[in-house]
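S.K.: quick one, structure for this:
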Amino acid sequence: MTAAQTKSPHQPELQAVASRGWSGGFGNLVRKELDQWWGTGAWWIHLLIWTVILIGISTAILIEGQGSAPTELHDEMVQTFILLSGMAIGIGVVITVQGSIVGEKESGTAAWVMSKPVSRQSFVLAKTVAHTLGFWATAIVIPAAIFLVGMRLFVSEPVDVGPFMAGLAVVALVALFYIAFTLMLGTMFSGIGPIAGVGIGFALIGMFFKDMLPQALVRLTPWTLPDLASAIALGSPLPSQWQLPIIATAGWVVVLTAVALLRFGREEL
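M.R.: Have a look, this model is predicted:
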């Protein structure tokens with residue numbers, strides 16, 4: 001007598017679990033990706049690096065600026081913190097995220113995951129969500145909180161928290177852009193080298209050569225956002241059409257994510 005014949009009449013038949021459209025398996029994949037950040041030592045390594053860079057430079061400015069007028073010292077520290085956050089985070093994102101998709105394709109993990117009841121859209125979107133939350137927490141929110149505490153303790157001129165947080169929101173948009181950009185590159189290339197070259201090269205052009213390029217083009221990129229974030233944080237006068245680079249960058253995030261979804265949807269794993 002076979003196992004099927006001896007099965008209890010009350011035992012249910014095993015049923016295949018089908019993927020629920022584009023969002024199939026999204027929750028499980030997000031938990032998996034978040035575990036890569038918070039279940040390992042990755043989160044505190046990132047936090048340590050960003051804290052050392054941002055708070056370290058701010059402390060150096062504080063020491064060097066002893067004797068300066070409180071308002072002048074305040075403005076210099078806030079401007080440096082926001083500018084450095086906005087410029088450095090692009091390179092940090094590319095270095096961290098460059099192997100997120102390519103590494104799983106090379107190791108066969110992506111093919112194994114795709115054999116489960118999950119969608120390819122969820123695979124990409126889960127990485128976007130996890131990396132965004134990870135970078136926002138470790139590279140922006142926590143270092144900014146430490147910075148504000150230090151400013152309250154050691155600088156007599158208080159930071160206007162509202163404009164400062166608005167400036168940080170612009171920096172957060174920069175981080176989201178580079179996450180979407182790097183993940184999109186990961187769906188287009190089969191090795192880390194081209195992803196790093198294109199991603200870091202794009203960030204460096206924005207840091208050093210944006211003034212040499214047509215400004216009508218530059219305003220449609222995230223390259224001007226660090227300067228804009230600094231002006232917002234200080235409550236300084238904003239340039240005309242200052243909303244344009246914010247809207248354009250948000251639009252690029254949507255476009256890059258859509259391209260990544262379409263490209264990975266056609267990937268042969």
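S.K.: for stretch 197-204, buried residues please.
M.R.: Applying a neighbour-count criterion of 16 or more other C-beta atoms under 10 Å, one finds 198, 199, 200, 202, 203 buried in stretch 197-204. (Each C-beta comes from the backbone N, C-alpha and C, glycine too.)
S.K.: kindly apply the preceding question to stretch 48-55 instead.
M.R.: Going through stretch 48-55 with 16+ other C-beta under 10 Å, the ones that come out buried are 50, 51, 53, 54, 55.
S.K.: and the contacts of stretch 231-251?
M.R.: Applying C-beta atoms under 8 Å, 6 or more residues apart in numbering, the contact partners of stretch 231-251 are 75, 78-79, 82, 160, 163-164, 166-168, 170, 173-174, 177, 219-225, 228, 230.
S.K.: report the buried members of those residues.
M.R.: When the contacts of stretch 231-251 are checked against 16+ other C-beta under 10 Å, the ones flagged as buried are 75, 78-79, 82, 163-164, 167-168, 170, 173-174, 177, 219-225, 228, 230.
S.K.: so which strand or helix has the closest residue to residue 256 other than its chain neighbours?
M.R.: Closest residue to residue 256 apart from its sequence neighbours, by C-beta to C-beta, 6 or more residues apart in numbering: residue 180 at 4.1 Å. Using DSSP states H and E, residue 180 falls within helix 161-188.
S.K.: and that helix, what does it pack against?
M.R.: Applying 3 or more C-beta pairs under 8 Å, 6 or more residues apart in numbering; DSSP states H and E, we find helix 161-188 packed against helix 70-97, helix 120-135, helix 142-154, helix 192-208, helix 225-234, helix 243-265.
S.K.: before we move on, back to that, list the contacts of the residue nearest to residue 256.
M.R.: Residues in contact with residue 180 (C-beta under 8 Å, 6+ apart) are 128, 252, 253, 256, 257, 260.
S.K.: kindly report the same for residue 224.
M.R.: If you count contacts by C-beta under 8 Å, 6+ apart, residue 224 has them with 210, 218, 245.
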